[in-house]
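**Q** return atomic coordinates for the entry below.
(2 chains)
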Amino acid sequence: MKAGKIELVVQRFNPERDERPYLKSYSIEVKPEMSIVEMLDEFRERYDSSLAFRKGCRSGICGICALKINGQGFLGCRTKVRDVCFNKKIVIEPITKDVIKDLVCDSRLFWEGIERAKPWLIPKSSCEPLSAGELERIEDSSRCIHCGICYYDCGTVEHDSTFAGPAAIVKGYRLIYDPRDRYKKKRLKQLNQTVWRCNHSWSCVEECPKGIDLTRCMDELKGDIIKMGLGGAGVRHARYFERAIISYGRLNEFILPIKTLGTRAILLVGDGLRLWLGNRLPQLAPKRISRLIEIKRLFKKLK
Amino acid sequence: MQKYRIAIVGGGVAGLRAAIEAYDLGVRDIIIISKTHPIRSNSVGAQGGMAAALTPEAVRRHIEDTIKGSDNLAERKAVEFISKHSREAVEDLERMGCIFARDAKRMLLQKQLAGHSQKIACYVADRTGHAILTTLYEQVLKRGITVLEDAYAVNLITTKKECKGVIVYLLKTGKIRAIKTKAVLLATGGAGQLFKTTSNSALTTGDGFLLAFGNGIALQNMELIQFHPTGLKEKGILISEAARSAGAKLLNEKHQRFMLKHPEGEMAPRDITSREIRGQKKAFLDFRDVRDVKTRLPEIAEIVEAFTTSDITKDLIWIEPTAHYMMGGIPINLNAEVEDMKGLYAAGECAYSGMHGANRLGGNSLLEAMVIGKQAGRKMAREAKRRWFYPPVSSSEIERAGRLFLEFITNLKKGSGRTASELENELREIMSERCGVVRNEKGLLNGLKRLKKLKEELENTCLKDSSLIYNQEMIRAWELRQMIALGEIVMHSALERKTSIGAHYRDDREGEHKKFHLIACQKGRGIIIKTKK
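**A** Below is the predicted model of the structure:
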């Protein structure tokens, strides 16, 4: 990409004037190696000084400049123009719909989720300092810069703002596997209410600017919740899922919700009717797959 | 008018540490006033580590290294106090959950930083500032301490002898609030944004210095500014000393290791290294011989990848000195008290405790922020509990305190000159050219003349954004006003210090070196600089 003119589409919103946010297009000069924050700085200087956006460290460690660029979450200071400019166009929106002004957002919901995880060490009355191995286990999860990208782009949060989100779960992880923390079991019990609601959209893993392996953390937590013998819909879902695949090589999607939700599955009757009307009902009694033995071997190997 | 027994301006390491300490000593009504969410404070960027002397011998050496590194301007009492409390700072943080590096036998690991004669810095990978700030913020959350975000302290409410409160501008609503207090802590950090190339965050505009100075408090040694030798060219993003302690070399445009003339080579103190780098046409960091560089220095490797077009394993990384730390500041005693004003405290980079003298060693700023922050919390809590009544604040005192800011922003809306952004760019050019790594009388006098013009131009600047809510153009113009005033203080002090010491280098008086302190005071509308031995 060469230096030159591009189309910059930015979401604008001034609560004093505008009923709702809107996209506005500008023609601006850019250099390909500029960061998005540098580009917005120059935009403010040369084109429109009223654009509101947050910037801080400019070096990818404070997490303040999270933005939606071409529909995906990025840190503005770490993202170069050349990496997000396609067909000479960049679209920039705030990271969340809770907008205060232009690209500046209200991150209250994100922080409420973090707070619910009680992200502070509750130390045992006496504990040893951590060893190198224990530190290594929690090092990845402690690198979170609280940018909120994983939360705002989460497929579950999109439909359910009560889901604490990946960052909060990872904060819980970091303390659960810190041997100095007193409340491992309590924290696992609390996470048992949330961690199963992840719908595996993987946007958190793709977009985390620190490359934290968020879903690996969640999978480990799920494994330990099951080992601990905790109950709940999520655990039942996972257990039935495994049994169905080992026994049949496929899921029985009639039985799955009943096993997961128990009597509360009756609430899904409406959805079932809609599926039936749309000719999308799954098979009532799916057959075993032909090469089930290979699935069983796989499971044995994994265990 | 709201009231809180303790108001803390600034949500970085020093401010949060003070809040936690005061809370634990029984004062629950504390408010942290921060321009940004505390987790975004400039402290988050500290990379190298926190100095901590874990044995009596280590304390002894740490004290001597710090005093020597300060070019003998540091105050021994302060250095001894902070060094002796450094182990406690590590223990406090670990008790709060911080994960300093340890070995398989659970012993703390420490690394060498430039100017130290021993491995002194406890660290968390190369993101120690992030780890410490996150830990402290988690503790603030745990205690439910009130944090006011997007909030700018625009003045203190004071009489000649006492600080009674603070005037706050709320960016989200465009409203102004007065907060009555028994104690105000200034923990506003440094002022790297004065310079064109800085490692500091975009909001580090030195507000606390002017809050104190504008209320009659003298500032000490404001000309003593550390330029970290290795910031990325133009961007100023720091490549910490961990790079050089891991074996990265410094090369000039001819690929010569120009630091080898010094006994410590690439590990010479920052002031010496910065001057040497400035003396080259170009300077580079060479990581090519550092084994497993991406694993040993993950944050640095990430910085090179994200902010340059270079490959850390194959290419030379272009660097230049970057404005990094203000050694000077608001003079305090070891209880963080500003002695000339009751009810006012300062801690962290904006304070002058005597720890760093003319040049700060790596690892000592996080340490000072932790120790003095704790002292501030302790002292403020004691005073807040001892004083039964709030000092009375009249509406005319509030009006007087808020007047300067209100008049400034009202005036802005009528201007038609250059934008504040253009003026700010010019300020940063002037400061970097005339008051950077190398200074001289001619340059400083020229700089002062140009700053005076800028000040006049700012009164007529053009404000294009007239909105009330989240008007960043307007608040940045206010910050610019403060920065120009601060620039004048720094330049006057630099002019007055005619000889070199530590980070302050005068090339018009080469070879001369004298040890003394400078105090900058307000006199009418001007500044006078006095010498103090």
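**Q** got the residues of the stretch 101-250 of chain A near chain B?
**A** Counting by CB under 8 Å from any CB of the partner chain, the stretch 101-250 of chain A comes close to chain B at A:101-102, A:104, A:107, A:114-115, A:118-121, A:123, A:128-133, A:135, A:138-139, A:142-146, A:175, A:178, A:180-181. In short, each C-beta sits where N, CA and C put it, glycine included.
**Q** how about stretch A:131-141: buried residues?
**A** A:131, A:134-135, A:137-141 (16 or more other CB atoms under 10 Å in any protein chain shown).
**Q** filter the residues of the stretch 101-250 of chain A next to chain B down to the buried ones, ChimeraX style.
**A** Buried residues among those (16+ other CB under 10 Å), as a ChimeraX selection:
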select /A:101,102,104,107,114,115,118,119,120,121,123,129,130,131,135,138,139,142,143,144,145,146,175,178,180,181
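**Q** of the residues of the stretch 101-250 of chain A next to chain B, which belong to strands?
**A** Judged by DSSP state E, strands contain the following of these: A:101, A:104.
**Q** taking the stretch 401-533 of chain B, what residue is nearest to chain A?
**A** Across the stretch 401-533 of chain B, the shortest distance to chain A (CB to the nearest CB) belongs to B:D465, at 3.6 Å.
**Q** pLDDT wise, what is that residue at?
**A** At B:D465, the model reports a pLDDT of 89.
**Q** the one 10 residues further on now?
**A** What the model reports as pLDDT for B:I475 is 96.
**Q** kindly report the same for the one 3 residues further on.
**A** According to the model's per-residue confidence, B:W478 sits at a pLDDT of 97.
**Q** list the contacts of it.
**A** By CB atoms under 8 Å, 6 or more residues apart in numbering or on different chains, the residues touching B:W478 are B:152, B:154, B:169, B:405, B:408-409.
**Q** for A:S25, which three-state class applies?
**A** With DSSP: H, G, I helix; E, B strand; the rest coil as the basis, A:S25 sits in strand.
**Q** so it sits right up against A:E7, yeah?
**A** Yes. Counting by CB atoms under 8 Å, A:S25 touches A:E7, with 5.8 Å between them.
**Q** more neighbours: which of these two?
**A** When A:S25 and A:E7 are compared for neighbours, A:E7 comes out ahead with 14 against 10, by other CB atoms under 10 Å in any protein chain shown.
**Q** so how far is A:M39 from the nearest residue to that one once chain neighbours are set aside?
**A** Closest residue to A:E7 apart from its sequence neighbours, by CB to CB, 6 or more residues apart in numbering or on different chains: A:K89 at 4.5 Å. Per CB to CB, to the nearest Å, A:K89 is found 13 Å from A:M39.
**Q** show me the common contact partners of those two, please.
**A** Common contacts of A:K89 and A:M39 (CB under 8 Å, 6+ apart): A:L8.
**Q** who in the stretch 351-500 of chain B is up against chain A?
**A** B:419, B:421-422, B:425, B:464-465, B:467-473.
**Q** the residue of the stretch 401-533 of chain B closest to chain A contacts B:R476, correct?
**A** No. In this structure B:D465 lies outside contact range of B:R476 using CB under 8 Å: 10.2 Å.
**Q** show me which of the residues of the stretch 351-500 of chain B next to chain A are buried.
**A** B:419, B:421, B:465, B:467, B:469-473.
**Q** the helices in the stretch 401-533 of chain B, which residues?
**A** Per DSSP state H, counting those that start in this stretch, the stretch 401-533 of chain B carries helices over the ranges B:420-434, B:441-458, B:472-496.
**Q** now, of the ones you listed, which is deepest in the fold?
**A** Most buried of the helices of the stretch 401-533 of chain B by mean neighbour count (mean count of other CB atoms under 10 Å in any protein chain shown) is helix B:472-496; its value is a mean of 23.
**Q** orientation of it relative to helix B:420-434 in degrees?
**A** For helix B:472-496 against helix B:420-434, the angle by axes from the mean of the first three to the mean of the last three CA atoms, to 10 degrees is 20 degrees.
**Q** distance between helix B:472-496 and the chain's centre?
**A** Distance, stretch centre to chain centre, for helix B:472-496: 15 Å (CA atoms, centre = their mean, to the nearest Å).
**Q** do stretch A:104-117 as well
**A** For stretch A:104-117, the separation from the chain centroid amounts to 13 Å (computed by CA atoms, centre = their mean).
**Q** which residues touch it?
**A** Stretch A:104-117 has contacts (CB under 8 Å, 6+ apart) with A:52-54, A:94-96, A:98-100, A:146, A:148, A:151-152, A:161, A:163-165, A:167-169, A:171-172, A:187, A:190, B:37, B:141, B:470.
**Q** drop anything exposed from those residues.
**A** Going by neighbour count (16+ other CB under 10 Å), the contacts of stretch A:104-117 have A:52-54, A:94-96, A:99-100, A:146, A:148, A:151-152, A:163-165, A:167-169, A:171-172, A:187, A:190, B:37, B:141, B:470 buried.
**Q** can you pull the contacts of the closest residue to chain B within chain A?
**A** Here chain A gets closest to chain B at one residue, A:L121, 3.1 Å apart by CB to the nearest CB. If you count contacts by CB under 8 Å, 6+ apart, A:L121 has them with A:175, A:178, A:180-181, B:95-97, B:138.
**Q** coming back round to it: now intersect the contacts of stretch A:104-117 with the helices, please.
**A** Those of the contacts of stretch A:104-117 mapping onto helices are A:151-152, A:167-169, A:171-172, A:187, A:190, B:141, per DSSP state H.
**Q** out of those residues, what pair is the most spread apart?
**A** Distance extremes for those: the farthest pair is A:Y152 and A:R187 at 24.0 Å, using CB to CB.
**Q** contacts only, for A:K189.
**A** Counting by CB under 8 Å, 6+ apart, A:K189 has contacts A:L230.
**Q** distance of it relative to A:L230?
**A** Distance, A:K189 to A:L230, using CB to CB: 6 Å.
**Q** how about the contacts made by B:A246?
**A** The contact partners of B:A246, taken as CB under 8 Å, 6+ apart, are B:290, B:293, B:296-297.
**Q** any chance of the backbone angles for it?
**A** Main-chain dihedrals, B:A246, degrees, to the nearest 10: phi -90, psi 0.
**Q** helix, strand, or coil at B:R288?
**A** Going by three-state DSSP: B:R288 is coil.
**Q** next, show the common contact partners of A:K189 and A:L230.
**A** Overlap of the contact sets of A:K189 and A:L230 (by CB under 8 Å, 6+ apart) is empty.
**Q** how many residues are close by B:K533?
**A** 5.
**Q** out of everything not next to it in sequence, what's closest to it?
**A** Distances taken as CB to CB, 6+ apart place B:F516 nearest to B:K533, at 5.7 Å, with adjacent residues excluded.
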